[in-house]
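K.L.:
Output the structure for:
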Amino acid sequence: RGKVKIADQDLNRVKVELEDLKTVIKSKEAYIKDLLNTGKESEQAKAKLEDKLKRLEKESKKTQRDLMSAQIVLKDLESKSGNSMLESEYRNKVSNYKAQIQEMEQKVRDTEQILVLTQPESKKILELQENL
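P.N.:
Numbers count the residues shown, from 1 in each chain. Okay, here's the model as predicted:
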């Protein structure tokens, strides 16, 4: 009878441990599923940010070309006298273009920083799946 009682106690302890393991496995599976979903969302966000970055860079290049053109016209106007109103207009354009370029450069830096945060956690997912 003593051996049967010990066997029953061992069996009950093993059943409890098995249930605990099942709970841990289920929670890890749920966590992996959540990470996979987050990874997909991160990939979508990354794609959007990369598009935004390309658009900002393209816009910045156009503004830089406009700035160079305005500076050339301004230098030409400054070499001639009597166009003070036109010179003033081009000085304002040059100033505005410079401000726009600075603003776009800041947006590019900000977007690049955010882009770093969207990197998927694939290594972590693989590690967790291997540990299951």
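
K.L.:
Going by C-alpha atoms from here, please, whenever you check contacts or count neighbours.
P.N.:
Fine.

K.L.:
which SSE is the residue positioned nearest the centre of the chain in?
P.N.:
Per Cα atoms, centre = their mean, the C-alpha nearest to the average position across the chain is that of Leu115, at 2.5 Å. For Leu115, the host element (DSSP states H and E) is helix 84-117.

K.L.:
ok and the helix or strand encompassing Val16 relative to helix 84-117, angle-wise?
P.N.:
Using DSSP H and E, Val16 maps to helix 2-79. Angle, helix 2-79 to helix 84-117, by axes from the mean of the first three to the mean of the last three Cα atoms, to 10 degrees: 170 degrees.

K.L.:
per-residue confidence averaged over helix 2-79?
P.N.:
Here helix 2-79 scores 88 as its mean pLDDT.

K.L.:
just how off-centre is it within its chain?
P.N.:
Helix 2-79 has its C-alpha centroid displaced from the chain centroid by 8 Å (Cα atoms, centre = their mean, to the nearest Å).

K.L.:
Could you check the helix holding Leu115 and say which residues are buried?
P.N.:
Across helix 84-117, burial judged by 16 or more other Cα atoms under 10 Å covers 87, 90-91, 93-94, 97, 100-101, 104, 107-108, 111, 115.
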